[in-house]
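Novice: turn this into a model:
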Amino acid sequence: MWKGVIPAVTTKFDENDNLDHAEMKRCFDYQMDAGCDGLIVAGSLGEGSMLSKDEKIAVLKTAKASTGDKPAIMTINEAATRDACAMAQASQEAGADGIMLVPSPIYHTDPRETV
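Specialist: Here you go, the predicted model:
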């Protein structure tokens, strides 16, 4: 599928806690210019789980503007299966090239359930 360096990027905020798309675009472009092979947004270990659905989609679109024909991948890290499915659908509609699916951070599954 994909290969190379595809980092999970951080979401940038301004001093008023709003998304800072100009700073994200600058940083995303910098990483792509440095040779990255794509970007992953809304990661599961940082601020991604704190963003609203609309904010996640906005960050994805900013990343997509930097990746061009290389992948922009959305992290799906929702507590409920129905919310994860809705986020995946919204991501596809917004132009995501793929998803990085993380099991629910709240409900801990056994290996059978995770599969």
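
Novice: list the contacts of the nearest residue in space to residue 78 that is not next to it in sequence.
Specialist: Using Cβ to Cβ, 6 or more residues apart in numbering and skipping residues adjacent in sequence, the residue nearest residue 78 is residue 84, 4.1 Å away. Where you see a C-beta, it was placed from the backbone N, CA and C, and this is true even at glycine. Contacts here follow Cβ atoms under 8 Å, 6 or more residues apart in numbering; on that basis residue 84 touches 76, 77, 78, 101, 104.

Novice: look at the first one and say how many residues are nearby.
Specialist: As a burial measure, the neighbour count of residue 76 was computed by other Cβ atoms under 10 Å and equals 22.

Novice: partners of it in the sheet?
Specialist: residue 101 (DSSP bridges).

Novice: I'd say it and residue 88 touch.
Specialist: Yes: with contacts counted by Cβ atoms under 8 Å, residue 76 reaches residue 88, the gap being 5.5 Å.
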